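Q: here are the coordinates; sequence isn't available:
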């Protein structure tokens, strides 16, 4: 193909264009018109290889430097990106994408069907965290350079939305392969491109990687040859700043333009500060409590009635006020508000008197003590220790005593997966816009994450076959409305189990300079950098 033949010659031209663009941005007077955006963020980067990356910051990077076949608009509707159109078979198993003939990688070469096939097969064969998105792919055919036909092993009404996830990034296969990347079945063990990706990028997105210094800085530059609408920002620099107060101070001093992890209390200190704006947005992230009837130290019995009593004993409304100053929402089911099947559920009650009655009926009139081991974290503005102390106070009123034991996250994972923790707290953020990920993790089907962590092998009574059946039905549903009704039923099933007790969906707080516009939260992209402008 012409685009592929041009790659060796256009790369040098692209480098020259990029250098020229960078030089122009530093000319006198240009600095005022085109200002780099400096972002303070506690970066959780584990890799810059799209097939290995697995973090919140990675979502931003993967959708800024790379692109996907489709993306989501502000209303979470799937819209074209690299693909201009698509067709879905009636059985929801065959997806045919037509690529935009104008799409090019940052070296100027065309984005072709072979690149899509290579990228998605590599993601699947890498067997990394994001590989589950490509796991359902049975085959990828490329009848021509502009057509990709993806066949799934099972029907999936969510696959189109999953394709918008940042981890489904399309990579310049020729460039990546020349630097050690593999896409075949040996990729998990023999792919040698991880280090190369830390210093180079091979995407078609509006930005390119300039420099990455772990625990210090991530620097992106505008792709001078971007095939779509050019981003307004010439450069975006992420600075590693862990503490919310430090982020706020840097914002006030003008050393950063955007602070991404400001908690509500710190945000209040910025109110009225000249030149600073605070944007508060609902998010799809949530913090939850989880119970394990088979956990070491759990009372016996710890059946559905006891678990319901614990839920009734927690005052979620006051918990949100205590931990977030009211900047959050009560989330009834383990499917987020705003996701298919997440809305319309009855909010959990706070009724300590009823809780005590339920406990007494189960032989626990004197109460009991629960080991409460949880990660020592501050996530989405929620300090887990403060949250657990508040829950401890609430449950004391129904004679359930919590023994609080904060531990590092790595230690928590090991304990949760071996001894099973009777009472714990964790967090979850979406990997794509769709409900199946929540039912997969929280639905308690045999072998699922929380079936294992809650001790399903020791106490099979907590296992559910219904949620797995509902997932299959929803994924085979003929349209989004029909699927949403089934996901709603799955949400009800998970709520009845009282193993996963969502506590709060914290609002996202973004503090930035007054001249920064276009900041928003996205289910696929986290923070769409190409939409931001700086005055």
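A: Noted; the coordinates are in hand. Please read all numbers here as calculations on a predicted model, not as lab measurements.
Q: which residues of the stretch 351-500 of the chain fall in strands?
A: Taking DSSP state E, counting those that start in this stretch as the criterion, the stretch 351-500 of the chain contains strands spanning 368-375, 378-379, 382-383, 400-407, 423-428, 500-506.
Q: Including mean pLDDT, distance to residue 307 and mean neighbour count, could those strands go into CSV?
A: No exception for glycine: its C-beta is placed from N, CA and C like everyone else's. Putting the strands of the stretch 351-500 of the chain into CSV (pLDDT from 0 to 100; distance: least, C-beta to C-beta, whole Å; neighbours: other C-beta atoms under 10 Å) gives the following:
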stretch, mean pLDDT, distance to residue 307, mean neighbour count
strand 368-375, 97, 11, 20
strand 378-379, 88, 24, 18
strand 382-383, 92, 22, 21
strand 400-407, 98, 11, 16
strand 423-428, 96, 10, 22
strand 500-506, 97, 8, 24
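Q: For residue 49, which of these is the nearest?
A: Checking the strands of the stretch 351-500 of the chain against residue 49 by C-beta to C-beta gives strand 423-428 as the closest, at 23.8 Å.
Q: Taking their axis directions, the closest one and strand 368-375 sit at what angle?
A: In terms of direction (axes from the mean of the first three to the mean of the last three C-alpha atoms, to 10 degrees), strand 423-428 departs from strand 368-375 by 30 degrees.
Q: picking up where we left off before, select, out of the strands of the stretch 351-500 of the chain, the one closest to residue 174.
A: Using C-beta to C-beta, the nearest of the strands of the stretch 351-500 of the chain to residue 174 is strand 423-428, at 37.2 Å.
Q: Can you report how many residues neighbour the residue lying closest to residue 130 once chain neighbours are set aside?
A: With C-beta to C-beta, 6 or more residues apart in numbering as the criterion, residue 130 has its nearest non-adjacent residue at 3.3 Å, and that residue is residue 167. Per other C-beta atoms under 10 Å, the neighbour tally for residue 167 reads 27.
Q: For stretch 176-196, measure first residue to last.
A: 9 Å (C-alpha to C-alpha, to the nearest Å).
Q: how many neighbours does residue 76 have?
A: 17.
Q: quick one: contacts for residue 188?
A: Contacts were defined as C-beta atoms under 8 Å, 6 or more residues apart in numbering; by that measure residue 188 touches 125-128.
Q: let's go with 7 Å and repeat that
A: By C-beta atoms under 7 Å, 6 or more residues apart in numbering, residue 188 lies in contact with 125-127.
Q: now swap in residue 140 and tell me
A: 117, 120-121, 148, 150.
Q: redo that, cut-off 10 Å
A: Contact analysis of residue 140 by C-beta atoms under 10 Å, 6 or more residues apart in numbering lists 95, 113-114, 116-121, 124, 134, 148-151.
Q: same question, residue 399
A: Contacts of residue 399 were listed using C-beta under 10 Å, 6+ apart, and they are 313, 352, 355-356, 359-360, 364-369.
Q: How about residue 492?
A: Contact partners of residue 492, counting by C-beta under 10 Å, 6+ apart, are 332-333, 341, 344-346, 466, 470.
Q: how about these in TSV, adding pLDDT, secondary structure and distance to residue 90?
A: Shown next, in TSV, are the contacts of residue 492 (pLDDT from 0 to 100; DSSP: H, G, I helix; E, B strand; the rest coil; distance: C-beta to C-beta, whole Å):
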residue	pLDDT	secondary structure	distance to residue 90
332	97	coil	34
333	98	coil	30
341	98	coil	23
344	97	coil	28
345	98	coil	31
346	97	coil	35
466	97	helix	26
470	98	helix	21
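Q: Of those, which qualify as buried by neighbour count?
A: In those, burial by neighbour count holds for 332-333, 341, 345, 466, 470, counting by 16 or more other C-beta atoms under 10 Å.
Q: As CSV, those with distance to residue 232 would be great.
A: Shown next, in CSV, are the buried ones among the contacts of residue 492 (distance: C-beta to C-beta, whole Å):
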residue, distance to residue 232
332, 40
333, 39
341, 37
345, 40
466, 49
470, 44
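Q: Between all of those residues, which two are at the greatest distance?
A: Comparing the members of these, the greatest separation, given C-beta to C-beta, is between 332 and 466, at 18.3 Å.
Q: How about residue 495, nearest residue that isn't a chain neighbour?
A: Distances taken as C-beta to C-beta, 6+ apart place residue 333 nearest to residue 495, at 5.1 Å, with adjacent residues excluded.
Q: Was I right to think residue 349 contacts residue 316?
A: Yes - counting by C-beta atoms under 10 Å, residue 316 is a contact partner of residue 349 at 9.4 Å.
Q: Neighbour count: these two, which is higher?
A: Using other C-beta under 10 Å as the criterion, residue 349 and residue 316 rank with residue 316 on top: 24 against 13.
Q: wait, which of the buried ones among the contacts of residue 492 is closest to residue 383?
A: Distance to residue 383, by C-beta to C-beta, is smallest for residue 332 among the buried ones among the contacts of residue 492, at 23.2 Å.
Q: Pull the distance from stretch 277-288 to the chain's centre.
A: Its chain's average C-alpha position is 13 Å from that of stretch 277-288, according to C-alpha atoms, centre = their mean, to the nearest Å.
Q: do stretch 140-151 as well
A: 28 Å.
Q: in it, what counts as buried?
A: By neighbour count, with 16+ other C-beta under 10 Å as the criterion, the buried positions of stretch 140-151 are 140, 142, 145-146, 148-150.
Q: Now do it: distance from first to last residue.
A: Stretch 140-151 end-to-end distance (C-alpha to C-alpha) = 6 Å.
Q: hmm, back to that, among the buried residues of stretch 140-151, which ones are in strands?
A: If you go by DSSP state E, those have 140, 142, 148-150 in strands.
Q: hmm, back to that, taking the buried residues of stretch 140-151 together, which two end up most distant?
A: For these, the maximum inter-member distance is 15.9 Å, found between 145 and 150 (C-beta to C-beta).
Q: Which residue ranges make up the domains of the protein?
A: Following automatic domain parsing, the chain resolves into domains at 2-22+32-240+511-534, 286-506.
Q: For stretch 42-55, list every residue counted as buried.
A: In stretch 42-55, counting by 16+ other C-beta under 10 Å, buried: 42-43, 45, 47-55.
Q: what do you get for stretch 124-141?
A: Within stretch 124-141, the residues that qualify as buried by neighbour count (16+ other C-beta under 10 Å) are 124-126, 128-134, 136-137, 140.
Q: Please tell me how far residue 183 sits from residue 268.
A: 49 Å (C-beta to C-beta, to the nearest Å).
Q: who has more neighbours, the two?
A: Neighbours around residue 183 and residue 268, counted as other C-beta under 10 Å, are more numerous at residue 183. The numbers are 22 against 14.
Q: close enough to count as contact, the more buried one and residue 171?
A: Yes - with contact defined as C-beta under 10 Å, residue 183 counts as touching residue 171 (9.2 Å).
Q: Skip ahead from the helix or strand hosting residue 247 and say which helix or strand is next.
A: Take DSSP states H and E as the rule and residue 247 turns out to sit in helix 244-253. For helix 244-253, the succeeding helix or strand toward the C-terminus, using DSSP H and E, is strand 258-259.
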